[in-house]
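Visitor: model this:
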Amino acid sequence: MLSRQNKMKRRRDALVFIGMPQEILFEILARLPVKSLLRFRCVCKYWKTLISTPDFINAHLERTSMKSTHDRLLIQTRERRMDRKCLSLFCADTFTKFSEIELPMIKIESHFRVVVGSYNGVVCLYDSDFETYLWNPSIRKFKRLPQVLNDRRGQLAHFAISFGFHPEGDDYKVVRILTFERRYMIEVEVEVYSHRLESWRRINAVPPNSHELYIQGEGTCVNGVVYWVIKESFSSCNSILSFDLGNEIFQTVRLPDSLLRAIGDPRRFPVSIRVFDKSLSVFHERREENSRYCDIWVLEMGSWKLFHTMLLPARGCIAWPVGFASNGQVHIVMSSRKFRSKTLALYDLKSQRVKDFKIKLHAYRPGGYIDYFRESLVLLD
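Guide: Numbering: from 1, shown residues only. This is a model prediction of the structure:
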């Protein structure tokens, strides 16, 4: 009986807004959180249609973007990737857990599920059968992408995948780079999925020196461009490969000269890339005598600038830099000397102090995942 009274009260409250001009109603609803908007879609047919339109979804996303984009962290907190509740949302500043997120039902026979990346609240996943999925956990919308064009996995020598957003085209894209060995020859193919077109395309462009490069990780998307750390050959140093999601052209980005000289052993990957204030940044770990440091470089107007040098804790090391918090701090992953346990921590750039929140990270890099997350209505339409 109480629930029925509550429903009637909500309907009476909704009638107050129904008589409002459309522009005012649009502005009011666009300021509300996702959870409330999902409930309000049940008020009437007009509200459901309005909230589901691309214009409203984009307006709501734009308002959300005005707030801090680093207020939540999406973290894999459980070791078994078959566990459907292996992901959790945390407050990025206090590390308070908001909720555990249940993965959508993917084929039971899949051996693992990997989070490729997330953008504007949309998470990209792929499994052991190379099936790819788009998922918005905020609205519980899940989409399995159609079969890719190339299904010749028996000859597959190397596989790289990334996920990003092209703002000018208002399109979410998945990029796959596949290297095949065929009769002592190496062939490289690139496939791009467009959410707007709902289809895969094989493109003619291939990375420079594609026959000799090795791509690390799932890449980072900045301003409509996907970046990967690469090693162009066994004897070369690290560099960065970029792919513009708009013109679909590959380019190589040269690292700072001083960083290249400091890398030393070309077989290692001592650099990683992240996003800093909507710009590409590079984290470079190095050692001097008995101290460990991490240099943070930022790409500004086509040139690299040394932003900060972090003094790493003596009783641990950074297994993977996560990125920049909203309060001038850096999220880092702390690892024990024996590399048996990893926890999430905050590094203060001014005081050079570390606050370890003891949040355990399982199976972290490779296979694990941690990144900033923003709730949205994307995929609702």
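
Visitor: low pLDDT regions in the stretch 251-381 of the chain?
Guide: 261-270, 314-320, 326, 336-341, 362-368 (pLDDT under 70).

Visitor: just the strands in it please.
Guide: Here the stretch 251-381 of the chain has its strands, by DSSP state E, counting those that start in this stretch, at 271-276, 279-288, 291-300, 303-311, 317-324, 329-335, 342-348, 354-360, 370-372.

Visitor: what's across from V174 in the sheet?
Guide: F163, Y193 (DSSP bridges).

Visitor: again, but for F283
Guide: S272, I296.

Visitor: heads up, I number from 12, so please use that
Guide: I'll keep to 12 as the first residue from here, and by that count the last item is F294.

Visitor: Would you confirm that it contacts V286?
Guide: No - here F294 does not reach V286: they are 11.5 Å apart, not a contact under Cβ atoms under 8 Å. C-beta: built from backbone N, CA, C; applies to glycine.

Visitor: Around N69, count how many other residues there are.
Guide: When neighbours are counted by other Cβ atoms under 10 Å, N69 registers 16.

Visitor: again, but for the one 4 residues further on
Guide: Taking other Cβ under 10 Å as the criterion, the count of residues near E73 is 10.

Visitor: where does it fall, helix, sheet strand or coil?
Guide: Following DSSP: H, G, I helix; E, B strand; the rest coil, E73 is assigned to helix.

Visitor: ok, now how distant is it from L100?
Guide: Going from E73 to L100 by Cβ to Cβ, to the nearest Å gives 22 Å.

Visitor: Likewise for F153?
Guide: 17 Å.

Visitor: again with N338
Guide: Taken as Cβ to Cβ, the span from N338 to L100 is 18 Å.

Visitor: Between the two, point out the one with more neighbours.
Guide: The neighbour count for N338 versus L100, taken as other Cβ under 10 Å, is higher for L100 (19 against 11).

Visitor: give me every residue that touches that one.
Guide: 83-86, 108-112, 384 (Cβ atoms under 8 Å, 6 or more residues apart in numbering).

Visitor: And for R42, the neighbour number?
Guide: If we define neighbours as other Cβ under 10 Å, then R42 has 11 of them.

Visitor: re earlier: just the buried ones from the contacts of L100?
Guide: Listed as buried from these are 83-86, 112, 384; burial here means 16 or more other Cβ atoms under 10 Å.

Visitor: So for G132, what's the nearest residue that isn't a sequence neighbour?
Guide: The shortest distance from G132 to any non-neighbouring residue, by Cβ to Cβ, 6 or more residues apart in numbering, is to S387 (3.2 Å).

Visitor: All good on my end, thank you.
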